[in-house]
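In: Everything below, folded, please.
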Amino acid sequence: MKPQVEARLRDSALHSAPSVRDQRLYRLGVTALLLFGAFAVRGMQARPATQWMNIYHVDEFTSITDVLQYLRDLQTGIPPLLSAIEVISQSAFDTVLWWVRYAYRGATVLMFVLPLYFVSVGKVNRLVCLSLSFLFVAATAQVALGNPEVYDVWFAIFAMGYFIASDASFRENAAPGRTHCAAFIAGTMLACLELTRPFIVFVVPFFIAYNLFHYSIHDRVHNRRRLTRRLIYFLLPLLLLSGGWHTKLWLLNDGQFNWSNHAGSNLAMAWQPVVDANALAGALEPEEPRRGAMRWTHLDTDVHLRNSQARQHAVFEGVIRNPKLATELLSEKVLHFMSVPTDMYQYQLRGPLITVYQWVGRFLFVGLLFLLITNLVRVARDWQALFATEVVMTLYAAFVSFVSAIGGTDEEARFVIPVLPFLIVVADRIVTRFSRPTTATPAVTATTTNATL
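Out: Numbering: from 1, shown residues only. Below you'll find the model as predicted:
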């Protein structure tokens, strides 16, 4: 590929190199963010992923036999990888406290530190993005209390970890061992990401194409063997973790493709106005009995898979039957999500911090929409720009926001949380686009403008 074409694929900003004083101040700011974050999240404790919908409780798993039987049958909306960590910890150490308290708190802070990797070296960029990190970690510490699900923060960390590791694996001048290691980490993060939210499976092929495109840029001309090795390191963990779990579902769980059998049920709940309730009721089978007196409906079954598929079909039929109502509902849901809700059920937040959080979030969602449109125009002019990191991250943030908006109800406040780190990157890109360069130095890659933490 020609150098000028490759340069257009790099996300760049024209800034002079930061001074030693600026670097020290920035590192001091990141250190202050870590300390502030540790203080802000000191009272947080998550609900184990295994206890989603109150079907199981981690205390049930006392032996490796319990764990293996559980993982063999698991096919519902419980994130399999995170749940496996919990049940193994419970059976081996008789506790998951380290996971739901300390790891959860650390992850909540880390999810707002990782985006700083992509922040340009401009003073305004760094100041704005650091300020947003402070704001978001403080707001998240309050918003998440309404329904503290452990997978919300890990979802964001796996996504950001994938982009950071991928960027590191794209570097041309790094030693092959380092790029191979980064590629392996990127593949692992992508597999973890896919096993944390069921709808991510639909964009995994695009992410694979994104990595393959960048690897081919650097290795196709210079060394085809290096391209093959880097690609193998990237795909290996993805095939073992994500591919292994989907193979298990296919062989042992009635040929199920998506790792959650609950997607259609979520969709039907969110789109009740368009669903023909009477027709749907006649298509549903009786669910399995509860697993205990204190448990909710047993959803981890083939019966629930068929019921969920029936509900999903009813939603699609309702949309086709009443497109006007469906369009109105779609607009309402997307606008509600972009308004940055903070209330969940009876949990309602008010106060200056929440007000600032909501208005800043709304502005950044508008910024995300702006970047989405401008990047799509960019892709229309040059299809290769589709694989530029800025474009891919923008598309990912928009995709997650859209799916969360149309597929959820009553809990949008926590669905916004995994998008917040990407809104920090959005802020950086907006500042870069609307600020004048300090010097006319050549454009540099995102890798070289990253903050040194």
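In: which residues sit against stretch 408-421?
Out: 111-112, 114-115, 136, 140, 143-144, 146-147, 149, 152-153, 155-156, 159-160, 266, 269-270, 336-337, 340-345, 361, 397, 400-401, 404-405 (C-beta atoms under 8 Å, 6 or more residues apart in numbering). (Glycine included, C-beta is placed from N, CA and C.)
In: Which members of these are positioned in helices?
Out: Judged by DSSP state H, these include 136, 140, 143, 152-153, 155-156, 159-160, 266, 269-270, 336-337, 361, 397, 400-401, 404-405 as members of helices.
In: filter the residues you listed to the buried ones?
Out: 136, 140, 143, 152-153, 155-156, 159-160, 266, 270, 337, 361, 397, 400-401, 404-405 (16 or more other C-beta atoms under 10 Å).
In: what's the burial count for residue 42?
Out: Per other C-beta atoms under 10 Å, the neighbour tally for residue 42 reads 9.
In: That should have said residue 234, apologies.
Out: Neighbours of residue 234 (other C-beta under 10 Å): 26.
In: Touching, it and residue 185? I think so.
Out: No: taking C-beta atoms under 8 Å as the definition, residue 234 is not a contact partner of residue 185, at 9.2 Å.
In: Find residues that contact each of those two.
Out: Listed contacts common to residue 234 and residue 185 are residue 169; contacts here mean C-beta under 8 Å, 6+ apart.
In: For whichever strand or helix holds residue 91, which helices and strands make contact with it?
Out: Assigned by DSSP states H and E, residue 91 belongs to helix 80-93. In terms of contacts (3 or more C-beta pairs under 8 Å, 6 or more residues apart in numbering; DSSP states H and E), helix 80-93 is packed against helix 64-73, helix 150-169.
In: any chance of these in JSON lines, with mean pLDDT and distance to residue 239 too?
Out: Compiled in JSON lines, those are given as follows (pLDDT from 0 to 100; distance: least, C-beta to C-beta, whole Å):
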{"stretch": "helix 64-73", "mean pLDDT": "96", "distance to residue 239": "18"}
{"stretch": "helix 150-169", "mean pLDDT": "97", "distance to residue 239": "16"}
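In: What ranges does the stretch 101-250 of the chain have for its helices?
Out: Per DSSP state H, counting those that start in this stretch, the stretch 101-250 of the chain carries helices over the ranges 104-110, 123-143, 150-169, 176-194, 204-219, 224-237, 244-252.
In: Reformat these as CSV; add distance to residue 64.
Out: Shown next, in CSV, are the helices of the stretch 101-250 of the chain (distance: least, C-beta to C-beta, whole Å):
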stretch, distance to residue 64
helix 104-110, 25
helix 123-143, 35
helix 150-169, 22
helix 176-194, 22
helix 204-219, 30
helix 224-237, 23
helix 244-252, 17
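In: for those, which one ends up most surrounded?
Out: helix 150-169 (a mean of 24; mean count of other C-beta atoms under 10 Å).
In: Mean pLDDT per helix and strand in the chain: which one sits at the bottom?
Out: Lowest mean confidence among the helices and strands of the chain (mean pLDDT, DSSP states H and E): helix 446-449, at a mean of 40.
In: picking up where we left off before, what's the distance between the helix holding residue 91 and the middle of its chain?
Out: Distance of helix 80-93 from the chain centroid (C-alpha atoms, centre = their mean, to the nearest Å) equals 21 Å.
In: For it, buried residues please.
Out: 80-87, 89-91.
In: Pretty sure residue 427 sits against residue 361.
Out: No: using C-beta under 8 Å, residue 427 is not in contact with residue 361, being 10.7 Å away.
In: shared neighbours, those two?
Out: Jointly contacting residue 427 and residue 361 under the rule C-beta under 8 Å, 6+ apart is no residue at all.
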